[in-house]
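Enquirer: fold the following.
(chains A and B)
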Protein chains: 2
Amino acid sequence: MTQSLTTAMAAAGNPVQMLRNSKIGMYVYPVVAPEFSNWRAEQEAWRKTAVLFDQSHHMDEVIVEGPQATEFLSHHGINSFSNFELNRAKHYVPVTPNGHVIGDHIIFREREDKYILVGRAPTSNWLMFAAAYGNWNVRLRYDPRSPSRPEGERVLREHYRFQIQGPDAPKIFEKMNGGPVPDIKFFHVDWINVGSKRVQALRHGMSGAPGLEIWGPYKDKDYIHSTILQAARDAGVDLVQCGSRAYSTNTLESGWIPSPLPGIYTGGGMLADYRDWLGADSYEASGAIGGSFVSDNIEDYYVNPFELGYGFYIGWKKDDFIGKEALTKMKDAPTNRKKVTFEWNRDDVLKVIASAFEQGTPYKWIDFPQPNYASSSADMVMQGDKMVGMSMFNGYSFNERCVLSLGVVDQSVQVNDVLTLKWGEPETTGKTSTEAHKQTEIRVRVAETPYAAEARENYADSWRTKGS
Amino acid sequence: MTQSLTTAMAAAGNPVQMLRNSKIGMYVYPVVAPEFSNWRAEQEAWRKTAVLFDQSHHMDEVIVEGPQATEFLSHHGINSFSNFELNRAKHYVPVTPNGHVIGDHIIFREREDKYILVGRAPTSNWLMFAAAYGNWNVRLRYDPRSPSRPEGERVLREHYRFQIQGPDAPKIFEKMNGGPVPDIKFFHVDWINVGSKRVQALRHGMSGAPGLEIWGPYKDKDYIHSTILQAARDAGVDLVQCGSRAYSTNTLESGWIPSPLPGIYTGGGMLADYRDWLGADSYEASGAIGGSFVSDNIEDYYVNPFELGYGFYIGWKKDDFIGKEALTKMKDAPTNRKKVTFEWNRDDVLKVIASAFEQGTPYKWIDFPQPNYASSSADMVMQGDKMVGMSMFNGYSFNERCVLSLGVVDQSVQVNDVLTLKWGEPETTGKTSTEAHKQTEIRVRVAETPYAAEARENYADSWRTKGS
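Expert: All right, here's what the predicted structure looks like:
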């Protein structure tokens, strides 16, 4: 019998129940050591000195080549491609025909007819399906993320991928390159030297600090890694290697939500065909939803690109692309939520931790620095009895000295509003990533995204400095 | 130039400063995934259902064979060998000529002339040196622990090693074995079936719960692992795989201190020769001491076997063994400390955690469930202004709902005494495993080891149930 997302959903009855009871465990940042020094120092490094992220393992890679590569990608993403020259990168966002976000990738244009895409599985799967579903003259090559628990087996990828970030990063680039690096514009790509190798470098950066992401054949990984570390020593920079525990928390300061639930569990036509195509072991069928928000309607977990702040990517001038009609209707809809950062109340967080020092059923443990316990998180954010938002990605920032989360709120919610996040699940699920726990409430202050700069501005008003 | 522990110590001036400023990072439990489900549930499993430990990677293995194998090992360990029949195991403890503990291994007698030893590096190194130093007719084979951060490279060992523990473990053994398992006495070895393979099984057990440790050729690991998991399913037992984050905390409930500092940094003769033999990259030269206790005299970090509760192992009837003379003098010395469990005050632990939610320099972060940040920990335990003990291994137990540590205290200290543990280092060191922090005090209640049973008896008096 065929095992597809469709059959898995039919067997489960409701996709929400299926995903809330997934036994896949937490979403792992694999292969890279949990800590190289310690996660506090590793977080501090991206703000104060320089940090080295090894991004070689946690993301899928899809190479799209062929005469119709541009047309194909343009048709399946919301982004404008009119300004997509060679050696540029974009934040590529596909949506469903109904306008719901499927996921996102970073996309690099390497040649006129060749793109490389990097990110979570939902976008990879959608593109592989799309290529098979339409009549496209494109060639796709898929290199999935590394196994979550290799347990000593060797792991190989197509490419290594390193990112160097932080205020002292430029000194390292110059040493690596053997001279000043070209002045690469944000999200543009150029070639630099790393020792004796020419490598592609994407200008990146978080929280205003400069950064470069470099990649190349995986067999070069050790050489590149050693050369980077030596360049840092030569430059007198304290370059801190970031482990997998700290890694995913960097997004809390920069404001990107890595894990929206792909909006593909409902809808007919292409979406129904997609669910038949997706295997029962796919991310979409086997991944987990965690959090206090439980709805019978899986569409309540979907987000649209306006809500994530991606509205300005949309290539409205494109003749057509999947989701264009739906997005046209959604644009400026008063029901669209907006992306914010939630700053968790310190006393309420400590109350949760304190419960792990009492007998009986505790509150859901907040693991440091990364308390997410599913592929996608959905925690209810309440104003009184009314749900006014959804918290979607959590973590503790040693830089900000607080737990932060990213999510979406109704338009009525304003910065500095104090809302209540329901923490913990209302019932025991099949998830292996949660201990038995009871639910509680955590006050959250609404802050802008990205948080880092905003925090400085609102510092005096922050309850972090005043207590609640 | 020769690079030995001797030259490293000379370069550093003082071995305490050398080890306190080691840059090796925290002591890692390598290769095994940090969590399979979540560390709370994994800890709970060894108390409530059954847990599977993958011990294949974190310990050295030394095989000692040859006509003089017994004589060699008996001469270099304190243990009696008179009752060491085939298919038995012992907790093997070598000491220096001065009677200080070097480390410990589990030792299995496989043949009349073949032993296999498993444990941390100090005992492996000492035995390898001893075989080279004396005139012994023994063959040693050394398989060091797996690399701390393999980063996707393949890791191979001589043997896989699994341990299954917990109240429901016997049901799994019977399924694995295809019938009742032989009645193996504690620390005895017998052969059982695991599916189609015959494997050696050591009867083990923590906190009174039955357990078996099994091992065999590393190439069989996947087969054995799968067969164990299937046996658990067939037996209807919820066997929880334990990841590396929870693993090391099991000792807090059972009372074994894994990490005494080997007493080899001082002393002449054989010890001076040993320091010349040990490489500058050895555990002894590159490992780290962490904690609040700073003494100029490294001997203040040493322990003797009486203090760790190993006095009853000593084979006094043996003609001679290394350290016998010193131990004879140490026996019943009033200066010998005794091993205890420290139960950390909940409010003081929460105070430390709360400091990570304030600006400025926080207290040393207590990482959950394993806050150790060095190869050997040494925290001062005070009664008023007087140091009356040393805390040597820390961790949070979800089963006991508190932070516990193991260590030694003066004879004057009694169970239920409330002492003060100095938490955090007095000065910034070169260690990469610590963030900048300030020191504070944590009240600790003295409890017996092993803690698990003791906790039940003293439950009503515990401040964990009453608050402080």
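Enquirer: okay, CA-based contacts and neighbour counts for the rest of this
Expert: Will do.
Enquirer: now do residue A:180 against chain B, distance only.
Expert: According to Cα to the nearest Cα, to the nearest Å, residue A:180 stands 31 Å off from chain B.
Enquirer: quick check: which element contains that residue?
Expert: Using DSSP states H and E, residue A:180 sits within no helix or strand.
Enquirer: what is the burial count for it?
Expert: Look at residue A:180: counted by other Cα atoms under 10 Å in any protein chain shown, it has 13 neighbours.
Enquirer: check residue A:227 too.
Expert: For residue A:227, using other Cα under 10 Å, the count is 18.
Enquirer: just give the nearest non-adjacent residue to it, would you?
Expert: residue A:195 (6.2 Å; Cα to Cα, 6 or more residues apart in numbering or on different chains).
Enquirer: just residue A:47 next, same as before
Expert: Distances taken as Cα to Cα, 6+ apart put residue A:166 closest to residue A:47, at 5.8 Å, once the chain neighbours are dropped.
Enquirer: so the one you found makes contact with residue A:43?
Expert: No - look at residue A:166 against residue A:43 with Cα atoms under 8 Å: they stay out of range, at 10.5 Å.
Enquirer: what helices and strands are in contact with the longest strand along chain A?
Expert: The longest strand of chain A (DSSP state E) is strand A:386-397. For strand A:386-397, the elements it packs on are helix A:250-254, strand A:376-377, strand A:379-383, strand A:402-409, judged by 3 or more Cα pairs under 8 Å, 6 or more residues apart in numbering or on different chains; DSSP states H and E.
Enquirer: measure how far the first one is from the centre of its chain, please.
Expert: Read it as helix A:250-254. A distance of 10 Å separates the C-alpha centroid of helix A:250-254 from that of its chain, computed with Cα atoms, centre = their mean, to the nearest Å.
Enquirer: mean confidence for that helix?
Expert: Helix A:250-254 carries an average pLDDT of 91.
Enquirer: I figured residue A:410 hits residue A:386, correct?
Expert: No - assessed by Cα under 8 Å, residue A:410 is found out of contact with residue A:386, at 10.7 Å.
Enquirer: look at these two and report which has more neighbours.
Expert: Legend: neighbour count by other Cα under 10 Å for residue A:410 and residue A:386, higher for residue A:410 (17 against 9).
Enquirer: which ones are touching the more buried one?
Expert: A:335-338, A:388-389 (Cα atoms under 8 Å, 6 or more residues apart in numbering or on different chains).
Enquirer: let me know the secondary structure of the residue of the stretch 151-300 of chain A found nearest chain B.
Expert: Taking Cα to the nearest Cα, chain B has its nearest neighbour within the stretch 151-300 of chain A at residue A:154, 4.2 Å off. Look at residue A:154: counting by DSSP: H, G, I helix; E, B strand; the rest coil, its state is coil.
Enquirer: tell me the pLDDT of it.
Expert: On pLDDT, residue A:154 comes in at 97.
Enquirer: ok, residue A:208 next?
Expert: Residue A:208 carries a pLDDT score of 58 in this model.
Enquirer: near chain B, which residues of the stretch 101-250 of chain A show up?
Expert: Contacts of the stretch 101-250 of chain A with chain B, taken as Cα under 8 Å from any Cα of the partner chain, map to A:149-156.
Enquirer: do the helix or strand harbouring residue A:340 and chain B come into contact?
Expert: Assigned by DSSP H and E, residue A:340 belongs to strand A:338-344. No - shown here: strand A:338-344 not in contact with chain B (Cα under 8 Å from any Cα), separated by at least 10.5 Å.
Enquirer: elements contacting that strand?
Expert: Looks like strand A:338-344 contacts strand A:402-409, strand A:440-447 (3+ Cα pairs under 8 Å, 6+ apart).
Enquirer: relative to its centroid, which residue of chain A is most remote?
Expert: In terms of distance from the mean C-alpha position of chain A, residue A:359 ranks first, at 36.0 Å (Cα atoms, centre = their mean).
Enquirer: ok, that residue to residue A:441 distance?
Expert: Residue A:359 sits 20 Å away from residue A:441, going by Cα to Cα, to the nearest Å.
Enquirer: and the nearest residue to residue A:441 once chain neighbours are set aside, which of the three is it?
Expert: Of all residues not flanking residue A:441 in the chain, residue A:422 sits nearest, at 4.7 Å (Cα to Cα, 6+ apart). Following three-state DSSP, the label given to residue A:422 is strand.
Enquirer: just residue A:172 next, same as before
Expert: Applying three-state DSSP: residue A:172 is helix.
Enquirer: with residue B:42 as the reference, measure out to it.
Expert: 42 Å.
Enquirer: show me which of those two is the more surrounded one.
Expert: residue B:42 (28 against 25).
Enquirer: re the thing from before, pretty sure the residue nearest to residue A:441 contacts residue A:391?
Expert: No - the pair residue A:422 and residue A:391 fails to qualify as a contact (Cα under 8 Å) at a distance of 9.4 Å.
Enquirer: more crowded one of those two?
Expert: Under the criterion of other Cα under 10 Å, the comparison of residue A:422 against residue A:391 puts residue A:391 first, with 27 against 23.
Enquirer: not counting residues beside it along the chain, what's closest to that one?
Expert: Residue A:391 sits nearest to residue A:407 (Cα to Cα, 6+ apart), 4.2 Å away.
Enquirer: list the contacts for the one you found?
Expert: A:257, A:339-342, A:389-393.
Enquirer: run a quick neighbour tally on residue A:136.
Expert: Residue A:136 has 15 neighbouring residues, counting by other Cα under 10 Å.
Enquirer: for the lengthiest helix in chain A, packing partners?
Expert: For chain A, the helix that runs over the most residues, judged by DSSP state H, is helix A:221-235. Applying 3+ Cα pairs under 8 Å, 6+ apart, one finds that helix A:221-235 makes contact with helix A:169-177, strand A:189-194.
Enquirer: including mean pLDDT and distance to residue A:123, could those go into JSON lines?
Expert: Shown next, in JSON lines, are the helices and strands packed on helix A:221-235 (pLDDT from 0 to 100; distance: least, Cα to Cα, whole Å):
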{"stretch": "helix A:169-177", "mean pLDDT": "95", "distance to residue A:123": "31"}
{"stretch": "strand A:189-194", "mean pLDDT": "95", "distance to residue A:123": "22"}
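Enquirer: still on that earlier bit, adjacent strands (with direction) for the strand holding residue A:340?
Expert: strand A:402-409 (antiparallel), strand A:440-447 (antiparallel) (DSSP bridges).
Enquirer: name the residues of stretch A:61-75 that are buried.
Expert: For stretch A:61-75, a neighbour-count test (16 or more other Cα atoms under 10 Å in any protein chain shown) marks A:61-66, A:68-75 as buried.
Enquirer: among those residues, name the ones in helices.
Expert: Counting by DSSP H, those place A:69-75 in helices.
Enquirer: now residue A:184, nearest residue through space, not along the chain?
Expert: residue A:203 (6.0 Å).
Enquirer: neighbouring contacts of the helix or strand encompassing the one you found?
Expert: Using DSSP H and E, residue A:203 sits in strand A:197-206. For strand A:197-206, contacts defined as Cα under 8 Å, 6+ apart pick out A:89, A:165-166, A:184-193, A:210-216, A:253-254.
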